[in-house]
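> Please find the sequence and the predicted model below.
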Amino acid sequence: MPSSKPKAHPLPPHEEIAKVVAATLAEDLGDGDMTAALIPAGRAASAHIISREQGVICGTAWVEEIFAQLTPVSGAVELRWHVADGDEVSDGTQLVTLSGSARSILTGERSALNLLQTLSATATVSRHYAQLVAHTPVKLLDTRKTLPSLRLAQKYAVLVGGCHNHRIGLFDAFLIKENHIAACGGIAAAVQRARTLNASLLVEVEVQTLEELDEAIAAQADTVMLDNFDLEQTAQAVKHTNRRLKLEASGSIDDARLVRIAETGVDYISIGALTKHCQALDLSLLFD
């Protein structure tokens, strides 16, 4: 991987991070950490987290919050980071040193690793895809195919990896898909209704044919999603649209196809795999 990394991106609100961490700890702790209770209260320890493979780190704020919430439960832990979100690491890289309550370090270990390895996985996959199309102006977008309760966390990790966010949820844009079109009575009717309901929101329409693309253009949609268009159809759509609106390609994306689609000149490519096909980065916490 190249050593460069994308610019820093704003974290989700602290209350969102705290909510995720509280739920994570509650799931793991239950009535208390039985095994950590074997260790005398007040015993201090030092440990570190290392990477067992190459990847992009993301999730440091969630790890910090894990041990902040454990402080009143089992004692304080100081974290000294050797990397930051967006840094690329290799096998054996030491990520952070933890010093303080042995009970807290052990109680927080699994929760901290779970969040760090999952968000790092999303950032790693996003960096991989972003680098594949760096020679084109296309923007790669995530989707709503995120892990339950980790929507904002994974969307942050996508940004850390160098890709971009689509809508956050169902509330911040219109995405008129096949079933919406059928229920509304057609593309024109659906777009008109969207403009009436909330004229300030972006209106995107999913199409499956070039004829439907013409309907979306006539209806003055902001963006059209080309659903599972082949390369020839995608190139035709780019030429036919001639920048009258934004085009987003979607469906059946792998490495080779991604590059070819990007080179057609579409504005966006949405990839569910950024958040749903991630394999957790292999990390370990070891006592010194």
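Arrived safely, thanks for sending. No experiment lies behind these values; they were computed from the predicted model shown.
> mean confidence for stretch 56-63?
The average of the pLDDT scores along stretch 56-63 is 98.
> Same check on stretch 102-112?
Mean predicted lDDT for stretch 102-112 stands at 97.
> what number of residues lie near residue 172?
Counted with other C-beta atoms under 10 Å, the neighbours of residue 172 add up to 10. For glycine as for every other residue, the C-beta is placed from the backbone atoms N, C-alpha and C.
> Next: the one 5 residues further on.
When neighbours are counted by other C-beta under 10 Å, residue 177 registers 15.
> Leaving out chain neighbours, which residue sits closest to it?
Spatial nearest neighbour of residue 177, chain neighbours left out: residue 206 (4.4 Å); criterion: C-beta to C-beta, 6 or more residues apart in numbering.
> Over to residue 255?
Nearest to residue 255 is residue 132, by C-beta to C-beta, 6+ apart, at 6.1 Å.
> check contacts around the one you found.
255, 258-259, 262 (C-beta atoms under 8 Å, 6 or more residues apart in numbering).
> ok, now with 7 Å
By C-beta atoms under 7 Å, 6 or more residues apart in numbering, the contact list for residue 132 reads 255, 258-259.
> beta partners for the residue nearest to residue 113 when sequence neighbours are not counted?
Leaving out its chain neighbours, the residue that sits closest to residue 113 by C-beta to C-beta, 6+ apart is residue 283, at 5.4 Å. Legend: beta-bridge partners of residue 283 under DSSP bridges are residue 51.
> give me the low-pLDDT residue ranges for this structure?
Regions of the chain meeting the criterion pLDDT under 70 cover residues 1-7.
> All the strands of it, in order from the start?
44-51, 55-56, 77-81, 88-89, 94-101, 139-141, 174-176, 203-207, 223-227, 246-250, 268-270, 283-287 (DSSP state E).
> Done for today, thanks.
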